[in-house]
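Student: A structural model of the following input is requested.
(chains A and B)
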Amino acid sequence: MELNLEHRSAAHCENGAISALLRFHGIDLSEPMIFGLASGLFFSHVPFVDVSGMPLTSFRTVPGFLFKRITKLLGIKTETARYFNREKGMRKLDDLLLKEKKPVALVVGMYYLPYVPKEYRFHFNGHNICVIGKDETIGDYGVLDSNATCKVTISREDLLKVRYAKGGSYRLFGRMYWIKSVPPHLPDMKPMILKAIAKNCRIMTRTYRGVKYVGVRGMLFLSERIRTWERKMGTQKALMNVAQVVRMLEEIGTGGAGFRFIYGAFLQEAAQRTGIAELNEYSARITEIGDLWREFAVRASRMFKRRKAETCTFDDLGDMLRNLANKEAAFYKDLERAVEKYMD
Amino acid sequence: MKVDEVPQDLKYYKGSVVRDVNYAVDEKGQYKAVLSDGWTPKNDALDMALDEVRGQCGLIAEKVKRGESSPLEYHAAKNLMDVRLLSDYTGIPRRKIRRHFRPENFAALDEKTLAKYAGALRITVAELKTIPE
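Tutor: Below you'll find the model as predicted:
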């Protein structure tokens, strides 16, 4: 049995999974639109969360957040579940697929995914895929992974392993989510878009007092911390940490600069859909910021490629990050003000 | 980023179905989704992490040859698993795993325990008992 759902690539895995679920229920939104409506831009640097011995730097929210936000906005009823019992988790998946004939999105670990290149197999438990079918004779599952170029299949055994991936910074218990019902009429696009933009600006600029790890403040925090790395842990370890930041910046489907470009694409589409031409200017601005993030990655990578801090110092990286933080802070503030004008 | 600037530095994606999608601006200023084969800075960052793992594996391999450590420690490091993660996957207590890192204790392991380790590390029991040259 396989549901009729075509494969579509996406830049971010969660967008891809959401897109597949929505398309099945007749809502066809582009990836940038999904990302924008879910207020997906994010930044966090949390030193006390350990990712393979290094502090967590992330450009995405916790898996599941985007889905929650966008379905709430669209008025869609959903369900999310985790199962401590593996067999129960698989049985529920089969029930949804075969009886209710619905696609189900899963949060899985990268490490045991069979079609991912071996160099990318890290213990990272935050990948999203969408299961659309099951071969009942062999037991293989048909899966849409938005980071692949076509539909893939995973054996039951492998699927069990990736769904119940352990350890790391985030433990999975067969987490899955699906759409229960869709309202007959979707709400108006314009107010939704404006609301989502305003929300994203708030997330990035207005964190609670004392929380210095997320949003623009998180960037400033990292820009100060990065300067001390070489002194604190020696050149080699410091370069490892920089490499980790770059990997988080541009890892498969979890890119930092990439996300800025997606948001740029979203603002452009938003300008078209709402007729607010001003948003095009902001699209160009966030594109510039994205280019700066890429430059940051290039310069940082030159540092650890040479294995010596010669072309660029840790202070330079700190300066770049601070510049980025200031630019983004101004961007969100202006964007929020611009959007508020059009909201009643 | 312009459409013609989308990096196509194929390295680790070679021979697999995984690709990146980048959003870039075309000459009219319109955003477009473009498939990308990878990007050198990204590959370099991955290299750095992989080199670190390789270096560690090299050190452990030396220790195994000198008889100070067991092949289990080597394979765990190669699979990026620390004691805690290995314990999570196999269900064997951390204290015992640390014991099994000693060659004399490792040599005395029964088939059942070896199979558990081999399963979590995705290798055969025969491979688990040796280290590659």
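Student: List the buried residues of stretch B:28-41.
Tutor: For stretch B:28-41, the neighbour count (16 or more other CB atoms under 10 Å in any protein chain shown) marks B:31, B:33-34, B:36, B:38-39, B:41 as buried. Quick note: C-beta positions are derived from backbone N, CA and C, even for glycine.
Student: filter those down to the ones close to chain A.
Tutor: Among the buried residues of stretch B:28-41, proximity to chain A is found for B:31, B:33, B:39, B:41 (CB under 8 Å from any CB of the partner chain).
Student: Among these, which lie within helices?
Tutor: Cross-referencing these against helices under DSSP state H gives B:Pro41.
Student: need the ones next to chain A among the buried residues of stretch B:28-41 in a markdown table with pLDDT, can you?
Tutor: Putting those into a markdown table (pLDDT from 0 to 100) gives the following:
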| residue | pLDDT |
| --- | --- |
| B:Tyr31 | 93 |
| B:Ala33 | 90 |
| B:Trp39 | 86 |
| B:Pro41 | 85 |
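Student: Output stretch A:231-251 in CSV, but only the C-alpha positions, please.
Tutor: Taking C-alpha atoms only, stretch A:231-251 is exported to CSV below (Å, rounded to 0.1, in the frame of the first residue of the first chain):
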residue,chain,number,x,y,z
ARG,A,231,42.8,31.2,25.5
LYS,A,232,40.6,28.8,27.4
MET,A,233,41.0,25.5,25.6
GLY,A,234,44.0,25.8,23.3
THR,A,235,44.1,26.4,19.5
GLN,A,236,43.2,22.8,18.4
LYS,A,237,40.1,22.5,20.6
ALA,A,238,39.1,26.0,19.8
LEU,A,239,39.2,25.3,16.1
MET,A,240,37.2,22.1,16.7
ASN,A,241,34.5,24.3,18.3
VAL,A,242,34.5,26.7,15.4
ALA,A,243,34.2,23.8,13.0
GLN,A,244,31.2,22.7,15.1
VAL,A,245,29.5,26.1,14.7
VAL,A,246,30.1,26.0,11.0
ARG,A,247,28.7,22.5,10.8
MET,A,248,25.6,23.7,12.6
LEU,A,249,25.5,26.7,10.3
GLU,A,250,25.4,24.6,7.2
GLU,A,251,24.6,21.0,8.1
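Student: List the buried residues for it?
Tutor: So, applying 16+ other CB under 10 Å, buried residues of stretch A:231-251: A:235, A:238-251.
Student: likewise stretch A:329-336?
Tutor: In stretch A:329-336, residues buried by neighbour count (16+ other CB under 10 Å) are A:329, A:331-332, A:335-336.
Student: Contacts only, for A:Arg299.
Tutor: A:311-312, A:316-317, A:320 (CB atoms under 8 Å, 6 or more residues apart in numbering or on different chains).
Student: Assign a three-state SS to the residue located most distally from the centre of chain B, would you?
Tutor: Taking CA atoms, centre = their mean, the residue of chain B most remote from its mean C-alpha position is B:Lys28, at 43.1 Å. Using DSSP: H, G, I helix; E, B strand; the rest coil, the structure places B:Lys28 in coil.
Student: Return the distance of it relative to chain A.
Tutor: 11 Å (CB to the nearest CB, to the nearest Å).
Student: Tell me how far that residue lies from B:Lys2.
Tutor: From B:Lys28 over to B:Lys2 the distance is 11 Å, taken as CB to CB, to the nearest Å.
Student: How is chain B divided into domains?
Tutor: Per the record, chain B has its domains at B:3-38, B:42-129, by automatic domain parsing.
Student: and stretch A:47-59, which residues are buried?
Tutor: A:51-52, A:54-59.
Student: is it anywhere near chain B?
Tutor: Yes: using CB under 8 Å from any CB, we find that stretch A:47-59 touches chain B at A:Ser52.
Student: a strand runs through A:Thr78, doesn't it?
Tutor: Yes: with three-state DSSP as the criterion, A:Thr78 is part of a strand.
Student: That one: what's it in contact with?
Tutor: A:Thr78 touches A:67-68, A:71, A:177-180, counting by CB under 8 Å, 6+ apart.
Student: Convert the helix or strand A:Ala271 falls within to CSV, retaining C-alpha atoms only.
Tutor: Taking DSSP states H and E as the definition, A:Ala271 sits inside helix A:256-274. Below are the C-alpha coordinates for helix A:256-274, written out as CSV (Å, rounded to 0.1, in the frame of the first residue of the first chain):
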residue,chain,number,x,y,z
GLY,A,256,21.9,29.0,9.4
ALA,A,257,22.6,31.1,6.3
GLY,A,258,20.3,28.9,4.4
PHE,A,259,17.5,29.7,6.7
ARG,A,260,18.0,33.5,6.1
PHE,A,261,17.6,32.8,2.4
ILE,A,262,14.5,30.8,2.9
TYR,A,263,13.1,33.7,4.9
GLY,A,264,14.0,36.0,2.1
ALA,A,265,12.1,33.9,-0.3
PHE,A,266,9.2,33.9,2.2
LEU,A,267,9.1,37.7,2.5
GLN,A,268,9.1,37.9,-1.3
GLU,A,269,6.2,35.5,-1.6
ALA,A,270,4.5,37.3,1.2
ALA,A,271,4.8,40.6,-0.6
GLN,A,272,3.1,39.1,-3.6
ARG,A,273,0.3,37.5,-1.6
THR,A,274,-0.5,40.4,0.6
